[in-house]
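Trainee: Starting from these lines, generate the structure:
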Amino acid sequence: MAGRIEDYALIGDMQTAALVCRDGTVDWLCLPRFDSHAVFAGLLGTEEHGFWRLGPAYAADAQPPTAARRTYRGDSLILESEWDTPRGTVRVTDFMPPRDGAPQLIRIVEGVTGRVPMRSALRMRFSYGRVVPWVHKYDGRTVGVAGPDSVWFDTTAETYGKSLTTYADFTVAPGDRIAFTISWQPSHREPPALPEPEQSLEATEEFWREWVENCTYHGPYREPVIRSLITLKALTYAPTGGIVAAPTTSLPEDIGGVRNWDYRYTWLRDAAITLSSLLRTGYREEARAWREWLLRAVAGDPENLQIMYGIAGERELGEAELDWLPGYEKSAPVRVGNGAAHQLQLDVYGEVTEALHLAHMTGLARNDYASLLQLKLIRYLEDHWDEPDEGIWEVRGPRRHFVHSKVMAWVAVDRTIKLIESGDADGPLERWRELRDDIHRDVCERGYDKERNTFTQSYGSKELDASLLLIPQMGFLPPDDKRVIGTIEAIQRELSTPDGFILRYPTEGEHEGVDGLPGDEGAFLACSFWMADDLAMIGRVDEARKLFEKLLALRNDLGLLAEEWDPVRERQVGNFPQAFSHVPLIDTALRLTASGAYGG
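Mentor: Numbers count the residues shown, from 1 in each chain. Purely as a prediction, here's the structure:
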C-alpha cells in the first residue's frame, strides 16, 4: 500500500517529478514529462504497478523500515534520508539533475556507521502500470523496453532478476558510496550516456543554490517561503515555461470517493497566481517565460480561451479512466486528461489580466502582443461577462452566475483600463469604464444578501463560497466595507472546520451537491490562506498570524502541502504537492511581514 500523502517527498528536474516515500520507495514517476505515462504508478495501485525501493534490507514478512530522519539538503530539491538500524546508520541521497540530455533519477547510498545490509528493488511498469517491459542486459547495462520507451538502469552493485523485478543486495560501511541511476530514452535511439552521479550531485546543488540567491524576500517566514518557491520552480516545465498545478493525478480530495482529477496541466488561473508570487519575490525570468508560454498557447484564438492547456500549450486534454488501477486507497476512478479543459470559467480572464498587469507594473519588458491579447480578452468579456459559467471550482453541475466569476471579470476590465490610462495601449476608455461600473453594480445588487450582510456563491443563492474572500484582495471593494467584513464573518461561521480552516463551499455527502458530485472534501488550503489575508486586511492581524501558523503546521516534515486538509482523518488529501496551496502561503507571508504581524 502507498504511504500517506504527506509521507512523500518531491524531487524533480523541471520537466518531470518523482515522489519518494519515507521507506525509500519511489511510487510515482512519469517519463519524460510531467504528463507522460507513469513508469512507477504504485501510488495509485499496488507494487504490481511499478515502484523502486532503496533502503535497509528487511525480512520478507516485515514492512520496509521508514527513515528516522529526512531533509532537503539546504535550499535545494536534493533529498537526504537516514535510517538507524541495529547494524548501523545509512544515508540515501535522491535527486534529479536539471536536464541536459536524458532525464535521470539518481540515488546515492552512503554508509555512515556500522555495516548495513541494503537492497534495491526496481520494478518498471510502463503505461501507468499496465505494461511489463522487456528487461535485458545491453553492453553491461540493464534496460527495460516497451514500445516507444526505454529505461536504463546503471549501478556498480551486482544485480539480478527475480519475479519480474531487478534486485541488488549489498552492504555499506562508513565512507562507502554506491550510486544507482535510471535514465529514460526513446527506445529507437542509442543508449543514453553513462551517468556521472557525483558530478551531477554537485551541479544540482549549485543550480539550486544560485537560483535561491535571486529571492528578494528576507522576512521572518523565509524558510516556508523558500521551500514553496522551490516547489513552484519544480512544477515549472523548463522548455516552455508552463506551470503544472501538481505533478500527480487522482490523489483523492475525498478518500475512497470519486473526486479524483488529473492536475498535470497548466491551469491559467493557477499559473497566473504563481506568476504573481514569483514576480513579488524577484523571479522575473520565470514570469517572462510563463508570459511567452501564454502568448503561444492562446495565439490566434483568444476568443476561445481555455481554462487549461498542456505544458507545451496543447489544447486537447481528453479525459479517460484507467480501470486497471484501483486508485489511491481505493479512490476510484483514476483519471488521466481533464474534461474541464473546455468549461467556461469567466474568472480566468481576470486572473490572466491581473498577471499581465502585475508583470507590466513590476517592470517586465513590454510585449506588444501581450497588450493586444489583453484588449482582445476584454472585447470578448464585453459580450459574455453576464453569462452563467462553471466557476473557479470547475463544477460539473449546471452553470450559474457565480459571484467570483463576475468579480474577476470586473478585475479584467479594471486592469485593462489602467493599461490604457498608462499610455501603453489604446482602447475605448469611456466605454470600458462604463462596463466596469455595470459589472460592479450588477454584483452588488444581485450577488449580495442584505439580510445576512454577505455576498453569496451565485446570484439568488443562499450558499457561501470561499472565493468571495478575494473581493478585497482584488480591490473590488475596500477591506473596511461593511459588506466585505460581513462576508468574511459569514464564511468563518458557515464554512469553517472546528480547527478554523476553510471549506470551499457546502457539499452534500452522498447526495449530489452544487458541484454535481457526491461526497465531501477537506478544507481547501488556499481558501484558508485567503482567510488569513483578509483578517490581516481588516485589522485582525493577531488572528491572521495564528491562522497562518496553524496552516504552516499542516505542512509535512519537508514543508510540502497537498490541495486540502481532511480535518476528520487529520491528514493531507488531494494532488501533491499543490501549487495552489504554496502560492497563497507565499502571499500571506509577504502580507504578514509587511504588517509586522508575526511571532518573535
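Trainee: Leu18 belongs to a strand?
Mentor: One correction, residue 18 is Ala, not Leu. Yes. The assignment for Ala18 by DSSP: H, G, I helix; E, B strand; the rest coil puts it in a strand.
Trainee: give me the number of residues near it?
Mentor: Applying other CB atoms under 10 Å, we find 26 residues neighbouring Ala18. C-beta coordinates here come from the backbone N, C-alpha and C atoms, glycine included.
Trainee: try Leu358
Mentor: 17.
Trainee: Distance check, it against Ile273.
Mentor: Separation of Leu358 from Ile273 (CB to CB, to the nearest Å): 10 Å.
Trainee: mind checking how far stretch 153-165 is from the chain centre?
Mentor: Chain-centre distance of stretch 153-165: 33 Å, with CA atoms, centre = their mean, to the nearest Å.
Trainee: scratch that, stretch 526-536
Mentor: How far stretch 526-536 lies from its chain's middle: 19 Å, per CA atoms, centre = their mean.
Trainee: Give me the contact list for it.
Mentor: With contact meaning CB atoms under 8 Å, 6 or more residues apart in numbering, stretch 526-536 is reached by 466-467, 469-470, 472-473, 479, 484, 488, 491-492, 495, 500-504, 541, 543-545, 547-548, 551, 565, 580-581, 583-585, 587-588, 591-592, 595, 597.
Trainee: Just the CA atoms of stretch 438-458, as PDB, please.
Mentor: C-alpha atoms of stretch 438-458 as PDB (Å, rounded to 0.1, in the frame of the first residue of the first chain):
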ATOM      1  CA  ASP A 438     -22.000  48.000 -14.900                       C
ATOM      2  CA  ILE A 439     -20.300  44.800 -13.700                       C
ATOM      3  CA  HIS A 440     -19.700  46.300 -10.200                       C
ATOM      4  CA  ARG A 441     -23.300  47.400  -9.900                       C
ATOM      5  CA  ASP A 442     -24.600  44.100 -11.000                       C
ATOM      6  CA  VAL A 443     -22.600  42.100  -8.500                       C
ATOM      7  CA  CYS A 444     -23.500  44.400  -5.600                       C
ATOM      8  CA  GLU A 445     -27.200  44.200  -6.500                       C
ATOM      9  CA  ARG A 446     -27.600  40.600  -7.400                       C
ATOM     10  CA  GLY A 447     -24.800  38.800  -5.600                       C
ATOM     11  CA  TYR A 448     -25.300  40.300  -2.100                       C
ATOM     12  CA  ASP A 449     -27.700  39.100   0.600                       C
ATOM     13  CA  LYS A 450     -28.700  42.200   2.500                       C
ATOM     14  CA  GLU A 451     -30.400  40.300   5.300                       C
ATOM     15  CA  ARG A 452     -27.300  38.300   6.100                       C
ATOM     16  CA  ASN A 453     -24.800  41.000   5.100                       C
ATOM     17  CA  THR A 454     -22.800  38.700   2.900                       C
ATOM     18  CA  PHE A 455     -22.100  38.100  -0.700                       C
ATOM     19  CA  THR A 456     -23.200  34.700  -1.900                       C
ATOM     20  CA  GLN A 457     -21.800  32.000  -4.100                       C
ATOM     21  CA  SER A 458     -24.000  32.800  -7.100                       C
END
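Trainee: List the buried residues for it?
Mentor: 439-440, 442-443, 447-449, 454-458 (16 or more other CB atoms under 10 Å).
Trainee: How about stretch 465-477?
Mentor: Under 16+ other CB under 10 Å, the buried positions of stretch 465-477 are 465-472, 474, 476-477.
Trainee: now swap in stretch 386-406 and tell me
Mentor: Residues of stretch 386-406 classed as buried under the neighbour-count rule (16+ other CB under 10 Å) are 389-395, 400-406.
Trainee: So which of those sit within strands?
Mentor: Taking DSSP state E, every one of the buried residues of stretch 386-406 sits outside strands.
Trainee: out of the residues you listed, what pair is the most spread apart?
Mentor: Comparing all pairs in the buried residues of stretch 386-406 by CB to CB, the longest separation belongs to Glu394 and Lys406, at 16.9 Å.
Trainee: out of the buried residues of stretch 386-406, who's nearest Thr93?
Mentor: Taking CB to CB as the measure, Thr93 sits nearest to Glu394 out of those, at 38.9 Å.
Trainee: Let's see the pLDDT reported for that closest one.
Mentor: Glu394 carries a pLDDT value of 79.
Trainee: That one reaches His342, doesn't it?
Mentor: No. Counting by CB atoms under 8 Å, Glu394 does not reach His342; the two are 11.0 Å apart.
Trainee: one step back: just the buried members of the contacts of stretch 526-536?
Mentor: 466-467, 469-470, 472, 479, 484, 488, 491, 495, 500-504, 541, 543-545, 547-548, 551, 565, 580-581, 583-585, 587-588, 591-592, 597.
Trainee: From these, which land in strands?
Mentor: Those of these lying in strands (DSSP E): Trp565.
Trainee: list the contacts for the residue lying closest to Val172 once chain neighbours are set aside?
Mentor: Leaving aside its sequence neighbours, Val172 sits nearest to Gly111 (CB to CB, 6 or more residues apart in numbering; 3.5 Å). Residues in contact with Gly111 (CB under 8 Å, 6+ apart) are 88, 90, 172-177.
Trainee: downstream neighbour of the helix or strand containing Gly111 in the secondary structure list?
Mentor: Taking DSSP states H and E as the definition, one finds Gly111 inside strand 104-114. For strand 104-114, the following helix or strand on the C-terminal side (DSSP H and E) is strand 116-123.
Trainee: packing partners for that following strand?
Mentor: strand 51-56, strand 88-95, strand 165-172 (3 or more CB pairs under 8 Å, 6 or more residues apart in numbering; DSSP states H and E).
Trainee: Which positions within it qualify as buried?
Mentor: Buried positions in strand 116-123, judged by neighbour count with 16+ other CB under 10 Å: 116, 118-123.
Trainee: Show me where the stretch 201-350 of the chain has its helices.
Mentor: 222-234, 268-280, 284-298, 347-361 (DSSP state H, counting those that start in this stretch).
Trainee: any chance of those helices in TSV, with mean pLDDT and distance to Arg189 too?
Mentor: Formatted as TSV, the helices of the stretch 201-350 of the chain follow (pLDDT from 0 to 100; distance: least, CB to CB, whole Å):
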stretch	mean pLDDT	distance to Arg189
helix 222-234	97	27
helix 268-280	87	32
helix 284-298	88	27
helix 347-361	88	38
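Trainee: Give me the secondary structure label for the closest residue to Leu560 other than its chain neighbours.
Mentor: Using CB to CB, 6+ apart and skipping the chain neighbours, the partner closest in space to Leu560 is Pro577 (4.4 Å). Using three-state DSSP, the structure places Pro577 in coil.
Trainee: Near Pro577, how many other residues are there?
Mentor: Residues contacting Pro577 under the criterion other CB under 10 Å number 31.
Trainee: if we can go back for a sec, quick one: buried residues of the strand holding Gly111?
Mentor: Of the residues in strand 104-114, 104-112, 114 count as buried by neighbour count, 16+ other CB under 10 Å.
Trainee: Give me the mean pLDDT for that strand.
Mentor: Rounded mean pLDDT across strand 104-114 is 98.
Trainee: wait, Met124 sits on Val131?
Mentor: No. Counting by CB under 8 Å, Met124 stays clear of Val131, with 9.3 Å between them.
Trainee: Who has more neighbours out of the two?
Mentor: Met124 (28 against 17).
Trainee: distance of that one from Ala102?
Mentor: Taking CB to CB, one finds Met124 at 15 Å from Ala102.
Trainee: now swap in Arg366 and tell me
Mentor: Note on Arg366: its distance to Ala102, by CB to CB, is 38 Å.
Trainee: Thank you, goodbye.
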